[in-house]
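Visitor: Provided below are the primary sequence and the corresponding predicted coordinates.
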Amino acid sequence: MHKQHGFFIPDVEYLKDPEGLLTSLGLKVKRDFMSPYCNDLCHPFSCLEAVRKHMAAKGHYKVHYCDGGDDEEAESEEFYDYNSSYVD
């Protein structure tokens with residue numbers, strides 16, 4: 001994804017549902033006109049082209065991840081499984 005499109009997905013090694021994550025992100029951009037990096041930090045854009053221009057101008061070809069509150073983590077946690085990273 002990163003090499004082909006320049007889009008960064010964090011912790012790919014723990015991603016259990018890549019199709020679900022990409023579908024969710026696609027809906028956020030195409031249906032909701034939201035930047036996947038800005039999330040609720042900024043307003044929805046007026047159209048798909050505006051979101052794309054924003055993402056290109058700001059370099060927001062990435063997911064806003066793990067530097068916010070619980071809501072932010074809850075949004076993506078269903079797509080990841082970190083159990084293998086825990087020490088028994």
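Guide: Yep, it's here. Numbering: from 1, shown residues only.
Visitor: Now do the SS call for Pro10.
Guide: coil (DSSP: H, G, I helix; E, B strand; the rest coil).
Visitor: Any idea how many residues pack against it?
Guide: Neighbourhood size, Pro10 [other Cβ atoms under 10 Å]: 14. Backbone N, C-alpha and C define where each C-beta goes, glycine included.
Visitor: now do Phe45
Guide: So Phe45, with other Cβ under 10 Å, has 19 neighbours.
Visitor: these two touch, right, it and Phe33?
Guide: Yes: in terms of Cβ atoms under 8 Å, Phe45 counts as a neighbour of Phe33; the distance is 4.3 Å.
Visitor: Mutual contacts of the two, please.
Guide: Val51 (Cβ atoms under 8 Å, 6 or more residues apart in numbering).
Visitor: just checking, next helix/strand downstream of the lowest-mean-pLDDT helix or strand in the chain?
Guide: Here the helix or strand of the chain ranked lowest by mean pLDDT, DSSP states H and E is helix 2-5, holding a mean of 56. Downstream of helix 2-5, the first helix or strand assigned by DSSP states H and E is helix 18-30.
Visitor: could you say what helices and strands that next one packs with?
Guide: With contacts taken as 3 or more Cβ pairs under 8 Å, 6 or more residues apart in numbering; DSSP states H and E, helix 18-30 sits against helix 48-58.
Visitor: quick one: low-confidence ranges for the chain?
Guide: Applying pLDDT under 70 to the chain flags residues 1-5, 65-74, 88.
Visitor: residues touching the most centrally placed residue in it, list them.
Guide: The residue lying closest to the centre of the chain (Cα atoms, centre = their mean) is Val63, at 3.2 Å. Residues counted as contacts of Val63 (Cβ under 8 Å, 6+ apart) are 8-10, 25, 36-37, 76.
Visitor: Also Met34?
Guide: Applying Cβ under 8 Å, 6+ apart, the residues near Met34 are 28, 40, 44-45, 51.
Visitor: How about Phe79?
Guide: So Phe79 contacts 15-18, 20-21, 24 (Cβ under 8 Å, 6+ apart).
Visitor: Now render the residues you listed as JSON lines, adding neighbour count.
Guide: Shown next, in JSON lines, are the contacts of Phe79 (neighbours: other Cβ atoms under 10 Å):
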{"residue": "Leu15", "neighbour count": "17"}
{"residue": "Lys16", "neighbour count": "12"}
{"residue": "Asp17", "neighbour count": "13"}
{"residue": "Pro18", "neighbour count": "12"}
{"residue": "Gly20", "neighbour count": "12"}
{"residue": "Leu21", "neighbour count": "19"}
{"residue": "Ser24", "neighbour count": "17"}
